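Engineer: could you work out the structure for the sequence below:
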Amino acid sequence: MDVATMFTPFNDFDRLAASLFARQGLREMPMDLYRDGDRYILRADLPGIDPESVDVDVDGQLLTIRAERKLPEVQDVQWITRERQSSSFVRQLNLGQGIDIQNIAASYDNGVLTVTIPVSAQAKPRKIQVVSGQGEQQALGNGQEGDRVIGEGELVNGTRSTQSTEG
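Structural biologist: Numbers count the residues shown, from 1 in each chain. Below you'll find the predicted structure:
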């Protein structure tokens, strides 16, 4: 092996560029995802994408984002450098449970796709009302119509009750 070709700056640069471009698939559609109250917000960078080519769909619990960048063909020119490419982008996310998939919305502005993913009503935290007093005593009945709390000496089905109301 020739030592002169082994350590040239261009070879090192080419190796570095190749290693960066090999991982570029994950970086071509970088995204952020965060929860804001009762919704998740997904923002994905898609610069230079025609909004008509952006497709967001949900199949079951799988959210898929597709987009395509088409560059115009330029004829009869001498390229100095050409790093931009026509390409397709795909990103898929498993939404899991607790998502209101019927109300997912998407918008595209200034090269950023924003997808709003609402949390379903069933998955939202909720407060359980605690009742006290008479409501608690009624809850102790067997659930049949006409049940009522009885006190000492009251008639129940023609029989005098001996239930004590003292604590």
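
Engineer: phi and psi next, for D50.
Structural biologist: phi -70, psi 120 (degrees, to the nearest 10).

Engineer: need the contact list for the nearest residue to it once chain neighbours are set aside.
Structural biologist: Excluding the flanking residues, the one nearest D50 by Cβ to Cβ, 6 or more residues apart in numbering is K70, at 7.2 Å. Every C-beta, even on glycine, is put in place using the N, C-alpha and C of the backbone. Contacts for K70 were tallied using Cβ atoms under 8 Å, 6 or more residues apart in numbering; they are 50, 53, 86.

Engineer: and for the nearest residue to A121 once chain neighbours are set aside, the neighbour number?
Structural biologist: Nearest residue to A121, sequence neighbours excluded (Cβ to Cβ, 6+ apart): D100, at 7.4 Å. Per other Cβ atoms under 10 Å, the neighbour tally for D100 reads 17.

Engineer: right, and D100 touches V119 too?
Structural biologist: Yes - using Cβ atoms under 8 Å, D100 is in contact with V119, at 6.6 Å.

Engineer: if we can go back for a sec, quick check: the residue nearest to D50 vs I41, distance?
Structural biologist: The gap separating K70 from I41 is 28 Å, by Cβ to Cβ, to the nearest Å.

Engineer: equivalent analysis for P51, please.
Structural biologist: Between P51 and I41 the distance is 19 Å, computed by Cβ to Cβ.

Engineer: next one: D76
Structural biologist: D76 sits 46 Å away from I41, going by Cβ to Cβ.

Engineer: P47 - nearest residue in space that isn't next to it in sequence?
Structural biologist: Nearest to P47 is G111, by Cβ to Cβ, 6+ apart, at 3.9 Å.
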